[in-house]
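In: Just the structure for this:
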Amino acid sequence: MAKKVKKRKEIKRKLLHKYRLVILNESTFEEKISFKLSRLNVFVTGSLCIIGLIALTTLLIAFTSLREYIPGYSSTKLKKQATDLTYKTDSLVANLNNTNRYLESIRQVLKGEIESGEIDMDSLREQFKLDPNSIDLTPIREDSVLRAEVALEDKYNLFERNTGGAEIVLFPPLNGEISNTYNVEQKHFAVDVTAPTDTPIKAVANGTVIFSEWTADTGYVIILEHKDGLLSVYKHNGSLSKAQGDVVRAGEVIASVGNTGELTTGPHLHFELWSNGNTVNPLDYIDF
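Out: Numbers count the residues shown, from 1 in each chain. From the prediction side, this is the model:
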């Protein structure tokens, strides 16, 4: 027991034993600064310095941009950018899928293909059927004038849809002799109209040009997109007057009659109407 007490006193003495740290002038040995230190003071001071350095380093890492230089540490800004990029990527993927589906429908129009072998004509006609109860049939002066112009020019035909009374006026793209009619069984989803070469071809309704290029099978082709998912297709043209992205008005010249492409037998217009990916008979809605 006495040894333990003696040992504790010895340790305490060593910790509290005073030492003098003196800084002298090298030339004159003049004492400049002196400190009285003990081992306990040195230990406490050193510990406090280490704790201070750790605290300062932690603050610098937590509240400054230095943390971005630490491997494996991601900043809040980078996380936000990554999240924004993820959302943008999802949006781009969705837009890409929609674009691919849209382009696939355009490919079907160009190739003359449909998704199924059978077309439900009754459902298609139902889409374009006009509900008389939704229209006021009381004659007015403007209506009489319009009817007179229609009867005189034989130029207009209503392409009507059962969409709350909305209607599209379709112009005949070309006046001529019909050489081949719409035939689903033969996969001829168009009307062929013969006319002299370079005869102007007109847009059947207001719309936007979504395709205006040359194809090997059908020559110069132009496709217009109209409202309510309606597409009008003009093939075997001799030349094209409009480019992709152009906005056209009904009755505006968009091409001329020609005999281009491998699948042609003479100057004519191969005209198709497509509604939401399904073909319709142009003769049901346009008087050529």
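
In: Helices along this protein, start to end?
Out: 2-16, 39-63, 76-111, 121-128, 141-153 (DSSP state H).

In: Show me where this protein dips below the pLDDT cut-off.
Out: Low-confidence segments of the chain (pLDDT under 70): 1, 68, 72-76, 112-139, 142-143, 146-169.

In: the longest strand in it is where?
Out: strand 230-240 (DSSP state E).

In: That one pairs with which strands, and in what direction?
Out: Sheet pairing for strand 230-240, assigned by DSSP bridges, gives strand 219-225 (antiparallel), strand 253-257 (antiparallel), strand 268-275 (antiparallel).

In: Contacts for the second one next, please.
Out: Defining contact as CB atoms under 8 Å, 6 or more residues apart in numbering, one finds that strand 253-257 is touched by 174, 195-203, 209, 220, 222, 224, 234, 237-242, 248, 267-269. (Each C-beta comes from the backbone N, C-alpha and C, glycine too.)

In: what about 6 Å?
Out: Residues outside strand 253-257 that contact it (CB atoms under 6 Å, 6 or more residues apart in numbering): 195, 197-203, 222, 234, 237-242, 248, 267, 269.

In: Filter these down to the buried ones.
Out: 195, 199, 201-203, 222, 234, 237-238, 240-242, 248, 267, 269 (16 or more other CB atoms under 10 Å).

In: And those residues, which two are furthest apart?
Out: 248 and 267 (22.6 Å; CB to CB).

In: Nearest to the spatial middle of this protein, which residue is it?
Out: The centre of the chain sits closest to residue 95, judged by CA atoms, centre = their mean, with a distance of 3.4 Å.

In: list the contacts for residue 209?
Out: 224, 242, 244, 246.

In: how about the third one, what does it touch?
Out: To tie it back to what came earlier, the one meant is residue 244. If you count contacts by CB under 6 Å, 6+ apart, then residue 244 has 209, 212 around it.

In: redo that, cut-off 8 Å
Out: 209, 210, 211, 212, 213.

In: Distance to residue 65 for those residues - can I get that in a markdown table?
Out: Shown next, in a markdown table, are the contacts of residue 244 (distance: CB to CB, whole Å):
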| residue | distance to residue 65 |
| --- | --- |
| 209 | 52 |
| 210 | 49 |
| 211 | 52 |
| 212 | 53 |
| 213 | 52 |
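
In: Show me which of those is closest to residue 2.
Out: Nearest member of these to residue 2, counting by CB to CB, is residue 210, at 105.6 Å.

In: was I right about that closest one contacting residue 223?
Out: Yes - counting by CB atoms under 8 Å, residue 223 is a contact partner of residue 210 at 5.4 Å.

In: neighbour-wise, which of the two wins?
Out: Using other CB atoms under 10 Å, the more surrounded residue of residue 210 and residue 223 is residue 223, with 22 against 17.

In: is that one in a bridge, and if so with what?
Out: residue 211, residue 233.

In: Run a quick check on it versus residue 230, I expect a contact.
Out: No - taking contacts as CB under 8 Å, residue 223 lies outside contact range of residue 230: 11.1 Å.

In: coming back round to it: out of the buried ones among the contacts of strand 253-257, flag the one nearest to residue 100.
Out: Taking these together and measuring to residue 100 by CB to CB, the closest member is residue 222, at 22.2 Å.

In: Pretty sure that closest one sits against residue 243.
Out: No - shown here, residue 222 and residue 243 do not form a contact pair, counting by CB under 8 Å, at 9.3 Å.

In: follow-up on the earlier one: residues in contact with the residue nearest to the centre of the chain?
Out: Contacts of residue 95 by CB under 8 Å, 6+ apart: none found.
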